[in-house]
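**Student:** Could you work out the structure for the sequence below:
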Amino acid sequence: ERMLHYERKISANNKVRIGIIGYGVQGHFDLATALKVPGVELAGICDLYNGRLENAKELHGKDLFTTTNYKELLNRKDIDAVFICTHDVWHARIAMDALAAGKHVYCEKPMVYKIAEGQPVMAAAKKSGKVFQVGSQRVSSIGYAKAKELLAAGEIGKLNMVNAVYDRQSSIGAWEYTIPNDADATTTNWDKFIEVTNKMNFDAKKFFWWRAFKEVGTGVAGDLFIHLLSGSHFMTNSKGPESIYSTGQFSFWKDGRNLPDVMSGVMQYPDSKEHAAFLMTLQVNFISGTGGQEIIQLVGSEGVIQVKGNNLTLKHSLMPEAHGFGGYDSLFTFSKSMQAEMQKEYDAKWTADQKKRPTKADINFNAPAGYDDHLDHITNFFDAVRTGKPVTEDAEFGFRAAAPALACNESYLQKKIIKWDPENLKLKP
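**Tutor:** A predicted model of the protein is given here:
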């Protein structure tokens, strides 16, 4: 349907002109993907580091509008939508300013830097009437959609556990990005950068390796737990957990960061109309001997769905109708006469078929070669801008994933269990 939609000629009225706020690694990726969607045009780029504005003109032409002040982008009448790809600490402020300026918003994950910012952003999105989508592309993946379908069909029985892992094993994976030789307080517009933080002296790592620092980023929880949570919530239709606990350590990347490079979380999801109660475990290991992996495993009473990227496998394991008897059991500890008596009773009660485990064919699903969930996610955003149809990951969905992720940091830092109300989206005492 979407392919047919874009085979039609895009009229001038259907063009969408965008501005990019934050032109770092993710800003580059988001823009490159957005420009693959027919009828999308670039109107301007904002970044605080002067070198990235030079790069923007080198890539997109010397006449491109660039600025270090995002409000100059928001004031432009020729911009319909903005992509917010900044440091986490700026997300909420820019998002609310953009909505107030009448722009559609694609905001990178996590939607907010602090849990307290979630409700105001949700309210601003609702009041604006504009499209607001959060950038966790897994929720637009056809692989995740297939897992959601199989789970809803009861293919693995009653869900009771979700195990989610996002491991890496590289310096870049651990966010030790290359820092330019000219990085200083002037070239990064440092005073502007710290307008939303406590006053800090210039620190190139906090600007370029920001994800690893709690003053401006949200660590593995906000960067990667968020993907695992978004995807799991999409597949299970969950509103979120009711209790959150997390712990972590500094294993290898001892580079001044103040958020862990190895972190684990445990969340309890309550019984609800959307799903049975289940436990979720989260893991990120930045020095993993696996070489790196991203896996979400949905465990039910009758099988397991394992999602890797956009592909999945489903393996069934069904219990026999008859209860266990013999083998690693207390039966052999009884007298021979008692064993014989009970064996006779057991055989009279259950048939041979009832004693066997039923079998069911496994299921494999592989996305087509070249499939890109990031492109699907961004296309969904532009479809919504053009047609008014709802997006999969609106502000509420984004906050339902962000709050538990951010609560993991609070749990780690405060060394306590965080209680959460998934119905009303509020912390509980």
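**Student:** For stretch 40-48, which residues meet the burial criterion?
**Tutor:** Within stretch 40-48, the residues scored as buried using 16 or more other CB atoms under 10 Å are 40, 42, 43, 44, 45, 46, 47, 48. For the C-beta atoms, the positions are set from N, CA and C on the backbone; glycine is no exception.
**Student:** Next: stretch 252-266.
**Tutor:** Buried-residue list, stretch 252-266, by 16+ other CB under 10 Å: 253, 257, 259, 260, 261, 262, 263, 264, 265, 266.
**Student:** I'd like those written out as TSV, with pLDDT and distance to residue 36 added.
**Tutor:** Formatted as TSV, the buried residues of stretch 252-266 follow (pLDDT from 0 to 100; distance: CB to CB, whole Å):
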residue	pLDDT	distance to residue 36
253	98	34
257	98	34
259	98	33
260	98	36
261	98	34
262	98	36
263	98	34
264	98	37
265	98	35
266	98	39
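**Student:** which one of the residues you listed is nearest residue 324?
**Tutor:** residue 266 (29.6 Å; CB to CB).
**Student:** burial of residue 87, as a residue count?
**Tutor:** 23 (other CB atoms under 10 Å).
**Student:** Next up, the contacts around it.
**Tutor:** Contacts for residue 87 (CB atoms under 8 Å, 6 or more residues apart in numbering) come out as 22, 193, 210, 216, 217.
**Student:** what about the first one, distance to residue 131?
**Tutor:** Noted for residue 22: a distance of 19 Å to residue 131, by CB to CB, to the nearest Å.
**Student:** now swap in the last one and tell me
**Tutor:** Per CB to CB, residue 217 is found 26 Å from residue 131.
**Student:** any weak-confidence spans in this structure?
**Tutor:** For the chain, the stretches with pLDDT under 70 are 1-12.
**Student:** hmm, try it at 80
**Tutor:** Low-confidence segments of the chain (pLDDT under 80): 1-13.
**Student:** coming back round to it: now the buried residues of stretch 40-48 as CSV including distance to residue 222 and secondary structure?
**Tutor:** Below are the buried residues of stretch 40-48 laid out as CSV (distance: CB to CB, whole Å; DSSP: H, G, I helix; E, B strand; the rest coil):
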residue, distance to residue 222, secondary structure
40, 28, strand
42, 27, strand
43, 29, strand
44, 27, strand
45, 24, strand
46, 22, strand
47, 21, coil
48, 20, coil
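**Student:** Looking at the residues you listed, which is nearest residue 342?
**Tutor:** residue 40 (72.5 Å).
**Student:** which residues does the closest one bridge with?
**Tutor:** residue 16 (DSSP bridges).
**Student:** Thought residue 18 was touching it, still the case?
**Tutor:** Yes: taking contacts as CB atoms under 8 Å, residue 40 lies within contact range of residue 18: 6.3 Å.
**Student:** what sits in contact with each of the two?
**Tutor:** residue 34.
**Student:** give the contact list for the closest residue to residue 140 other than its chain neighbours.
**Tutor:** Distances taken as CB to CB, 6 or more residues apart in numbering put residue 377 closest to residue 140, at 3.8 Å, once the chain neighbours are dropped. Listed by CB under 8 Å, 6+ apart, the contact set of residue 377 reads 133, 135, 136, 137, 139, 140, 393.
**Student:** Compare the residues you listed and tell me which is most surrounded.
**Tutor:** residue 133 (30 neighbours).
**Student:** Secondary structure element holding that residue?
**Tutor:** If you go by DSSP states H and E, residue 133 is part of strand 132-134.
**Student:** and after that strand, which helix or strand comes next?
**Tutor:** Once the chain leaves strand 132-134, the next helix or strand it forms, by DSSP H and E, is helix 142-152.
**Student:** what's the angle between the following helix or strand past that following helix and helix 142-152?
**Tutor:** Counting by DSSP H and E, the next helix or strand C-terminal to helix 142-152 is strand 159-167. Calculated by axes from the mean of the first three to the mean of the last three CA atoms, to 10 degrees, strand 159-167 forms an angle of 160 degrees with helix 142-152.
**Student:** Show me what the helix or strand containing residue 121 is packed up against.
**Tutor:** Taking DSSP H and E as the criterion, residue 121 maps to helix 118-128. Contacts defined by 3 or more CB pairs under 8 Å, 6 or more residues apart in numbering; DSSP states H and E place helix 118-128 against helix 91-100, helix 395-414.
**Student:** quick one: which of these is nearest residue 285?
**Tutor:** helix 395-414 (14.7 Å).
**Student:** The closest one: which residues count as buried?
**Tutor:** 395-412.
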